[in-house]
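Engineer: below: sequence and its predicted model.
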Amino acid sequence: MTHHTPIHADELDRARSILTTIVGAYDRKVVGQHSLRTSLLAALVAGGHVLLESVPGLAKTTAAESIAEAVHASFKRIQCTPDLLPSDIIGTQIYDARTGGFQTQLGPVHANFVLLDEVNRSSAKTQSAMLEAMQERQTSIGGVNYALPKPFFVLATQNPIEQEGTYQLPEAQLDRFLLKEVLSYPTIGEEAEIVRRVNAGVYDEPVVPDAPDDGSAERPSHPHVTVEDVLFLQALAKRVYLDPSILNYIVQTVYVTRHARDYLSPRLASYIEYGASPRASIAFSTVARSLAILAGRDHVIPEDVKSYRHQVLRHRIILNFEAAADDVGPETIIDAVFAAVQAP
């Protein structure tokens, strides 16, 4: 933190232009879901991954695909099933009869954007292989390490409707997701717009971002946001100024989740089985920096921390059975924790 390189106005302008292009591509395909859009962008800029909980049919694949297309990056969708093997995700060695040797075939995880659909349907072994790839940013096939491409972004979805044959993600592995977003159903107006776009064939066209505002009338035939642009955003976010008072605010808030009995009402405190780990504090600081870039700022404000409290903490605070029995969700606890800490 001592070595802080200031961010110049032209860098913020470039960031704004890149983000506007991605948002335009997203909005052409996805109706509503603005919180999801911000979560995907914030995680992309932070270099983290998103866990998405929603019922089927709420445009999760479309959302991930449209951002990947806008960035002109590789996109792979992996449908998780109980019989999916780790090698189906990371890759394997295949015997080549012609050469008499083994050839390495990289799996679908070797893409810039990976959609892991219904991650809780795959077995624990496959889940851990995927989460290891997310953490280490590499896979190991036949004793050789293969680096994953940069940027590397995973959007994993899980279905909240209790179904046979699902394997809940262990708490320690949930912690590896930077954000957990929960999607709700569209409004009546949004749903009508979705149907209208389907009938108009909007989803059959590839995403082509708008032409740049440089006076040239010609539309580019390919997206003009590149993988390098995303890496620029990620490097820029690391330089966003985080004041010690805001860092202190983050750490104090996460501390309260672990010592709830000293700060919350006895009833609410009794619902918490485990508080959040230091990964939560790290997540708050990286997400806050990303949100500052999305807002065109070179510094973090307390609102950057507060506004994404649910997405950062809802999968990191473990509630007990009583909370489920009393229908108390993690958001209620998170709001109480933030109310207990004075913002700078």
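Structural biologist: Yes, it's here. Numbering: from 1, shown residues only.

Engineer: from the chain's centroid, how far away is stretch 115-126?
Structural biologist: Stretch 115-126 has its C-alpha centroid displaced from the chain centroid by 16 Å (C-alpha atoms, centre = their mean, to the nearest Å).

Engineer: what comes into contact with that stretch?
Structural biologist: Stretch 115-126 has contacts (C-beta atoms under 8 Å, 6 or more residues apart in numbering) with 51, 60-61, 64-65, 75-82, 84-86, 88-89, 127, 130, 154-159, 165-170. C-beta: built from backbone N, CA, C; applies to glycine.

Engineer: buried only: go through the residues you listed for me.
Structural biologist: Among those, those that count as buried by neighbour count (16 or more other C-beta atoms under 10 Å) are 51, 60, 64-65, 75-78, 80, 84, 86, 88-89, 127, 130, 154-159, 166-167, 169.

Engineer: among those, which are in strands?
Structural biologist: Among these, DSSP state E puts 51, 75-78, 154-158 in strands.

Engineer: farthest pair within these?
Structural biologist: For those, the maximum inter-member distance is 19.7 Å, found between Phe75 and Gln158 (C-beta to C-beta).

Engineer: for the protein, what spans make up the strands?
Structural biologist: Ranges of strands in the chain, per DSSP E, are 50-53, 75-79, 91-96, 101-106, 113-117, 138-141, 144-147, 153-158, 179-182, 272-274, 318-319.

Engineer: how about low-confidence regions in the stretch 201-344 of the chain?
Structural biologist: Scanning the stretch 201-344 of the chain for pLDDT under 70 picks out 203, 205-223.

Engineer: try 90 this time
Structural biologist: Flagging of the stretch 201-344 of the chain using pLDDT under 90 yields the residue ranges 201-227, 318, 320, 323-325, 327, 329, 342-344.

Engineer: that one: helices as residue ranges?
Structural biologist: With helices called from DSSP state H, counting those that start in this stretch, the stretch 201-344 of the chain shows them at 227-238, 244-258, 266-269, 278-294, 302-306, 309-313, 321-325, 330-340.

Engineer: redo those as CSV? Include distance to Gln105 and mean neighbour count.
Structural biologist: Below are these laid out as CSV (distance: least, C-beta to C-beta, whole Å; neighbours: other C-beta atoms under 10 Å):
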stretch, distance to Gln105, mean neighbour count
helix 227-238, 23, 17
helix 244-258, 42, 18
helix 266-269, 51, 14
helix 278-294, 33, 22
helix 302-306, 43, 18
helix 309-313, 36, 23
helix 321-325, 43, 12
helix 330-340, 41, 17
